[in-house]
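K.L.:
give me a 3D structure for the following:
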Amino acid sequence: MTAPVEFAPDFGPLRRLVLDMAQQRSVNDVLKLTVEGLAERPNVALARIWLTAPGDICDGCPMRNECPDQSACLHLVASAGRSRVDPGADWSRIDGDFRRVPLGVHKVGEIGATGELSVVPDLQADLSWLVHPDWARREDILAFGGQPLIYKEQILGAVAVFLRIKMDREEGTVEEGLAWLRIIADHVATAIANARFFEEIERLRHRLQMENAYLREEVLESHGFGDIVGRSPALRAVIDQIDLVAPTEASVLILGESGTGKELVAREIHRRSQRSKQAMIRVNCASIPRELYESEFFGHVRGAFTGAVKDRAGRFELADGGTLFLDEVGEIPLELQSKLLRVLQDGQYERVGDERTRQTDVRIIAATNRNLKQEVEAGRFREDLYYRINVFPIEVTPLRRRRDDIAPLGAHFLELASRKFQHRCPRLTQAHIAQLMSYDWPGNARELQNIIERAVITSRSGVFRFDLPQEASTADVGLHHGRPTAGDDTPEVVPDGEMRRRERENIRAALHQAGWKISGPGGAAELLGMKPTTLASRIKRLGLEKPG
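P.N.:
Residues are numbered from 1 along each chain as shown. Now for the predicted structure:
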């Protein structure tokens, strides 16, 4: 006697289900795909999957009294099926009475505990093991089959189906039903294991990304802000302003003396902006010949003027989608400022000698060491252009007013110069730092870098020392132990008697710090930036004597 046609295994859908499971990268996707695929087979009323996991709802679990051990149980994780009595019933719920099944309890619990299959070919003949036998009668549930989910000898859980057809051993339907369910169970176990591996890889990748982001923030915190090096409150205020304006599209005007690092501020704004993947194009407005301004900004076509032998893109075209940094913007000729204003307002321009209007999308960051407000009042800078670029001003404080940055900047420049000139130099000593702190740095960080590079070059002769200008300031620098005091840009008028007292105390402090060593490395003469013979004569003139 042959098996009924309606129960004959259909390997086409089975093969597609197995292939689809193998492509999943999420455990939930594997589970949902499996139960829905099983529920679509003829005569399958309900398909469910439980996975072994630690006990989690023991206090409110309806099967707690039957559970021998609350450490682990089977968790219902996927369900699919169709009701004949109530077509609107949702059999995909996993929060019902069987959401947790103790290991070793009921048919499903026995499968999860022993790893052995379980089959009830004729439920109507034995309903005693069912918790809700009336449900089976109403829904014409006639058979049950369950298989363990095993991967590398580890029981992951159980898959079970409730059928609306009896399984007759004489007709072979039991063996056939268990065969295709075994095939599904083996592939489900493998797919679950693989999906767990993928999820773990994704979790580790996300964690690595978070750690990298954290470490980048740590590097920024400990080594300055990108290429900006320093720790002074004034520099911290600049950094806070960069953080505030960088994510926006606002135009920025960077103000400050020459050599303060305005371009570094511009690059950091661009790096933290939404345009960071595009280029930041720099234009030094002070170095462009007056007759070439328009070509430099907007480009030209071949033959537009003498020497224009080919088409050339301008800076606005090169910066399209990115940032255009106008360094020394106050140097732009007045007659060109109107054309610059047009492209900033409308994003339109024409190449020199070309009638075609082009579009551009750039963010403007400008910098100047001039007082543009005074330039506007003097008629040398357009007021409308000034307000167009001065949406968010950032002022970079001169180095003499942020002396806390001198030491870290000096160490940074010394490391760069050592690599540049391939000459290993000693670290900055306290004597070196005190000498650097005693100077006003009118050229700011650029002058500091030049002084240190010069010291690295001359140190090949064996002596590492700074060749500072002799007119070291005493107005902004405290004379006790070489520490700076608060000051401003207004020169202080000091009486002659006070100057003599300060000189005496300053030399005494240097001698004390150097252990009354006058010449040589770390000596008082080096700290004071003067010749040892000059210092010796001043010590004699001032009547200074070594204590004791």
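K.L.:
from here on, just use CA atoms for contacts and neighbour counts.
P.N.:
Noted.
K.L.:
I'd assumed residue 526 was in contact with residue 520.
P.N.:
Yes - if you go by CA atoms under 8 Å, residue 520 and residue 526 touch, sitting 7.3 Å apart.
K.L.:
these two - which one has more neighbours?
P.N.:
Neighbours were counted for residue 520 and for residue 526 using other CA atoms under 10 Å; residue 526 has more, 25 against 12.
K.L.:
assign a three-state SS to the more buried one, would you?
P.N.:
helix (DSSP: H, G, I helix; E, B strand; the rest coil).
K.L.:
quick one: it and residue 53, what's the gap?
P.N.:
73 Å (CA to CA, to the nearest Å).
K.L.:
repeat for residue 456
P.N.:
For residue 456 relative to residue 53 (CA to CA), the value is 66 Å.
K.L.:
residue 163 and residue 44 touch, don't they?
P.N.:
Yes - using CA under 8 Å, residue 163 is in contact with residue 44, at 4.6 Å.
K.L.:
these two: who's more crowded?
P.N.:
residue 163 (27 against 20).
K.L.:
just to revisit the earlier point, looking at residue 456 and residue 53, which has the bigger crowd around it?
P.N.:
Legend: neighbour count by other CA under 10 Å for residue 456 and residue 53, higher for residue 456 (26 against 14).
K.L.:
so where is the protein shaky, pLDDT-wise?
P.N.:
Scanning the chain for pLDDT under 70 picks out 1-14, 168-178, 206-207, 209-227, 461-462, 470-498, 548.
K.L.:
tell me the domain ranges of it?
P.N.:
Listed by automatic domain parsing, the domain ranges of the chain are 5-198, 233-397, 401-542.
K.L.:
would TSV of those with distance to residue 204 be doable?
P.N.:
Listed next are these as TSV, based on distance: least, CA to CA, whole Å:
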stretch	distance to residue 204
domain 5-198	10
domain 233-397	26
domain 401-542	36
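K.L.:
what about the strands in the stretch 51-200 of the chain?
P.N.:
72-81, 100-102, 118-120, 143-151, 154-163 (DSSP state E, counting those that start in this stretch).
K.L.:
okay, the angle between the fourth one and strand 154-163?
P.N.:
Angle of strand 143-151 versus strand 154-163, following axes from the mean of the first three to the mean of the last three CA atoms, to 10 degrees, is 160 degrees.
K.L.:
neighbouring strands - and their directions - for strand 143-151?
P.N.:
Counting by DSSP bridges, the strands paired with strand 143-151 are strand 118-120 (antiparallel), strand 154-163 (antiparallel).
K.L.:
could I get these as CSV with distance to residue 296?
P.N.:
Shown next, in CSV, are those (distance: least, CA to CA, whole Å):
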stretch, distance to residue 296
strand 118-120, 83
strand 154-163, 70
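K.L.:
among those strands, which is nearest residue 368?
P.N.:
strand 154-163 (68.8 Å; CA to CA).
K.L.:
got the contact list for that closest one?
P.N.:
Around strand 154-163, the neighbours that count as contacts under CA atoms under 8 Å, 6 or more residues apart in numbering are 38, 43-52, 74, 108, 111-112, 115, 141-150, 185, 189.
K.L.:
also stretch 343-363?
P.N.:
Contact with stretch 343-363 is made by 249-251, 294-295, 298-301, 303-304, 313-314, 316-317, 319-324, 339, 342, 388, as judged by CA under 8 Å, 6+ apart.
K.L.:
show me which of those residues are buried.
P.N.:
250-251, 294-295, 298-301, 304, 314, 316-317, 319-324, 339, 388 (16 or more other CA atoms under 10 Å).
K.L.:
next step: those restricted to strands.
P.N.:
299, 300, 323, 324 (DSSP state E).
K.L.:
circling back: which of the strands paired with strand 143-151 sits most buried?
P.N.:
When the strands paired with strand 143-151 are scored by mean count of other CA atoms under 10 Å, the highest mean neighbour count falls to strand 154-163 (a mean of 24).
K.L.:
now the angle between strand 72-81 and it, please.
P.N.:
Going by the same axes, to 10 degrees, strand 154-163 makes 40 degrees with strand 72-81.
K.L.:
mind exporting the C-alpha coordinates of strand 154-163 to CSV?
P.N.:
Taking C-alpha atoms only, strand 154-163 is exported to CSV below (Å, rounded to 0.1, in the frame of the first residue of the first chain):
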residue,chain,number,x,y,z
GLN,A,154,25.5,20.3,21.0
ILE,A,155,21.8,20.4,21.5
LEU,A,156,20.6,23.9,20.5
GLY,A,157,16.9,23.2,20.9
ALA,A,158,14.0,21.5,19.2
VAL,A,159,11.7,21.9,16.2
ALA,A,160,8.2,20.5,16.2
VAL,A,161,5.2,20.2,13.8
PHE,A,162,1.6,19.4,14.5
LEU,A,163,-0.1,17.7,11.5
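K.L.:
contacts for stretch 520-537?
P.N.:
In contact with stretch 520-537 (CA under 8 Å, 6+ apart) are residues 431-432, 434-435, 438, 463-465, 467-468, 470, 507, 510-511, 513-514, 516-519.
K.L.:
equivalent analysis for stretch 412-421, please.
P.N.:
229, 424, 425, 449, 452, 453, 456, 457.
K.L.:
can I get the ones in strands among the buried ones among the contacts of stretch 343-363 in CSV including distance to residue 419?
P.N.:
Compiled in CSV, those are given as follows (distance: CA to CA, whole Å):
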residue, distance to residue 419
299, 38
300, 41
323, 31
324, 31
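K.L.:
now for those: which two are most distant?
P.N.:
For these, and using CA to CA, no pair is farther apart than 300 and 323, which are 20.8 Å apart.
K.L.:
just the buried members of the contacts of stretch 520-537?
P.N.:
Buried by 16+ other CA under 10 Å: 431-432, 434-435, 438, 464-465, 468, 507, 510-511, 513-514, 516-519, out of the contacts of stretch 520-537.
K.L.:
helices - which of the residues you listed land there?
P.N.:
When DSSP state H is applied, the buried ones among the contacts of stretch 520-537 are split such that 431, 432, 434, 435, 507, 510, 511, 513 fall in helices.
K.L.:
now residue 21: closest residue in space, sequence neighbours ignored.
P.N.:
With CA to CA, 6 or more residues apart in numbering as the criterion, residue 21 has its nearest non-adjacent residue at 5.7 Å, and that residue is residue 30.
K.L.:
sorry, wrong one. I was asking about residue 250.
P.N.:
Nearest one to residue 250, counting by CA to CA, 6+ apart, is residue 391 at 6.4 Å.
K.L.:
show the contacting residues for the closest residue to residue 103 other than its chain neighbours.
P.N.:
Nearest residue to residue 103, sequence neighbours excluded (CA to CA, 6+ apart): residue 109, at 4.4 Å. Residue 109 makes contact with 74, 101, 102, 103, according to CA under 8 Å, 6+ apart.
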